[in-house]
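Participant: Got a sequence here, can you model it:
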Amino acid sequence: MKNPVVHFEIPVGNLGRAIAFYEAVFGYELKCAAIDGNQMAFFPADEKTNGISGALAQGDSYVPGKQGARIYFAVISIDDTLTKAVSSGGKIIYPKTSVGNLGWVAEFEDSEGNCIALHSY
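Facilitator: Predicted coordinates:
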């Protein structure tokens, strides 16, 4: 059985600001495209490995906020990633916390007001 989730989109109000934030925090290079009247910036993807990828999305139906689903980014160091998020204008919402043998989690508010989660072992 394949994983049921295949793509995510993070709503943004200002795509340029959000790209700068996510590239600074995670070190990814995002690729821009216009799709169906919306502006998108895609995270890197490798179809040969497990997991999913997604995009930052700006358009009429994309409203940033903390109320929606939580997207967890896998990171090597939660501490380093939180430091980069804060220095890039984000705020820590949920500090690094142990989830037992499942590793560690944390959450931060991004430049657009979304709650983004982190996971590491």
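Participant: I'd like to know which elements the longest helix seen in the chain is packed against.
Facilitator: If you go by DSSP state H, the chain has its longest helix at helix 15-26. Judged by 3 or more C-beta pairs under 8 Å, 6 or more residues apart in numbering; DSSP states H and E, helix 15-26 is in contact with strand 38-42, strand 53-58, helix 78-87. C-beta here means a position set from N, CA and C on the backbone, and glycine is covered the same way.
Participant: Can you convert the ones you listed into JSON lines and add a column each for mean neighbour count?
Facilitator: Formatted as JSON lines, the helices and strands packed on helix 15-26 follow (neighbours: other C-beta atoms under 10 Å):
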{"stretch": "strand 38-42", "mean neighbour count": "19"}
{"stretch": "strand 53-58", "mean neighbour count": "20"}
{"stretch": "helix 78-87", "mean neighbour count": "17"}
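Participant: how close does residue 50 get to residue 77?
Facilitator: For residue 50, the distance to residue 77 (C-beta to C-beta, to the nearest Å) stands at 21 Å.
Participant: Which one of the two is surrounded by more residues?
Facilitator: Counting neighbours by other C-beta atoms under 10 Å for residue 50 and for residue 77 shows that residue 77 has the greater number, 13 against 7.
Participant: And for the longest helix of the chain, what's in contact with it?
Facilitator: Residues from elsewhere that reach helix 15-26 (C-beta atoms under 8 Å, 6 or more residues apart in numbering): 10, 12, 28-30, 32, 39, 41, 43, 56, 58, 73, 75, 81, 84-85, 87-90, 110-112.
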